[in-house]
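> make a model of this:
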Amino acid sequence: MFKNNVINYNQHFLTDQDIINKYISLLNIKPSDVVVEIGAGKGVLTKYLKDIAKKLYVIEIDKRLKGYLDKINNITVIYDNVLNVDIPACDKIVTSLPYNIIEPFIKKLINTDFKELYMLMGSNYVDEVLNYNINRLSIITNSYFTLTKLLEVLPSSFDIKPHTLSYIVKLEKKTFNSLSNIYKLYNLLYYYQDKKIKNSLKEALIKVYNLTQKEAKNMISKLNIPEDILETKFEIISNEDLKVLNSCLNTLNKI
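Residues are numbered from 1 along each chain as shown. Modelled structure (predicted):
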C-alpha cells in the first residue's frame, strides 16, 4: 500500500547498491562541503552524505517518509515542495526529481547559490538538453547551465522501475560570456521574460550586438518574426512558436 501511494509523487527509489556506491564516488563530497539533498526518499544516499559533508540539508515533499528520515542523525530536514522553499546556499545539490517539475526547478536554480548539482534524471530530459533540442526546457537549461552525463542507470536499479533509461548528470552554471550569441539572446529573453518578445528581443540585441535602439528595431523587422510571436511574452511562449522564433534568430548571421 505504501509503495502504491508513493507513486503519486512519481518517486522511484534507487536500490542498486553498486549504482549507489558509484553515485557517492561521483559526488566527490569534501569534509568542508555544505550539501543539499532534494527528494531524499528513504534516505539511501542521505545516510552516506551526512557522514561526509560538513552540513547536510534535506528537502523532501513526502511527509510519509518521516519514518525513514527522522531516524537519521545530524541532518536538517525540510518537509516541503522544493519549489516553495528557499534552497540553502551550498557547495553541492544532490537530487532526483519527477520530469513534470523539472522546468520550474531549473528556473529556480538560476537564482540559487550553489557550485555543482548532481541529478538522477530520465534520459528524455538529458537527451533533449545535450542535443540542443528547441523546446523551453532545453533552451532554458542550455542558456544557463552546462550538463554533463556521468553514469547510465538501468530501470532495474530502482524498486519501482521507471519506463525509461536514467542518467546521473552534473549541472554547473555557465558564465554569460561563455555562451554563443544565440544563447546569449535566449538568456536575456528569459531575463526579460515578463515583457513582450518585441521589447525583450530589442533589449537583448542591443546588449549582445552592441546596437542602438533604432538598429535593434531594424534588425527585428528583418528577422520576419510573426507578429503574434512578437506580441507574446517569453515566459508563456509555446514550444511550437519557440521553434519558429529560433528559425528566425538563426538568420541573424545572414543579415
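
> all the helices of the stretch 101-250 of the chain, in order from the start?
In the stretch 101-250 of the chain, helices defined by DSSP state H, counting those that start in this stretch lie at 102-110, 123-130, 136-144, 181-191, 197-209, 213-223, 227-230, 239-249, listed in chain order.

> and the fourth one, what's buried?
Which is helix 181-191. For helix 181-191, the neighbour count (16 or more other C-beta atoms under 10 Å) marks 182-191 as buried. Where you see a C-beta, it was placed from the backbone N, CA and C, and this is true even at glycine.

> show me the shaky parts of the stretch 101-250 of the chain.
For the stretch 101-250 of the chain, no stretch has pLDDT under 70.

> can you map out the strands along this protein?
All strands of the chain, identified by DSSP state E, fall at 34-38, 55-60, 76-79, 92-96, 116-122, 145-153, 166-173.

> what strands flank the fifth one, and is each parallel or antiparallel?
For strand 116-122, sheet partners with direction are given as strand 92-96 (parallel), strand 166-173 (antiparallel), following DSSP bridges.

> adding distance to residue 209 and mean neighbour count, write the ones you listed out as a markdown table.
Listed next are the strands paired with strand 116-122 as a markdown table, based on distance: least, C-beta to C-beta, whole Å; neighbours: other C-beta atoms under 10 Å:
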| stretch | distance to residue 209 | mean neighbour count |
| --- | --- | --- |
| strand 92-96 | 35 | 23 |
| strand 166-173 | 24 | 19 |
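
> would a markdown table of the ones you listed with distance to residue 106 be doable?
Formatted as a markdown table, the strands paired with strand 116-122 follow (distance: least, C-beta to C-beta, whole Å):
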| stretch | distance to residue 106 |
| --- | --- |
| strand 92-96 | 11 |
| strand 166-173 | 8 |
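
> rewinding a little: export the strands of the chain to JSON lines and tack on distance to residue 134?
Below are the strands of the chain laid out as JSON lines (distance: least, C-beta to C-beta, whole Å):
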{"stretch": "strand 34-38", "distance to residue 134": "28"}
{"stretch": "strand 55-60", "distance to residue 134": "31"}
{"stretch": "strand 76-79", "distance to residue 134": "36"}
{"stretch": "strand 92-96", "distance to residue 134": "26"}
{"stretch": "strand 116-122", "distance to residue 134": "19"}
{"stretch": "strand 145-153", "distance to residue 134": "16"}
{"stretch": "strand 166-173", "distance to residue 134": "20"}
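
> which one, of those strands, ends up nearest to residue 243?
Checking the strands of the chain against residue 243 by C-beta to C-beta gives strand 145-153 as the closest, at 20.8 Å.

> send the alpha carbons of that closest one over as CSV?
This file holds the C-alpha atoms of strand 145-153, laid out as CSV (Å, rounded to 0.1, in the frame of the first residue of the first chain):
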residue,chain,number,x,y,z
PHE,A,145,23.9,25.6,-17.3
THR,A,146,26.4,23.0,-18.6
LEU,A,147,25.0,19.5,-18.3
THR,A,148,27.5,16.6,-18.2
LYS,A,149,26.4,13.0,-18.5
LEU,A,150,28.2,10.9,-15.8
LEU,A,151,26.6,7.5,-15.4
GLU,A,152,23.8,5.4,-17.1
VAL,A,153,21.3,3.8,-14.7
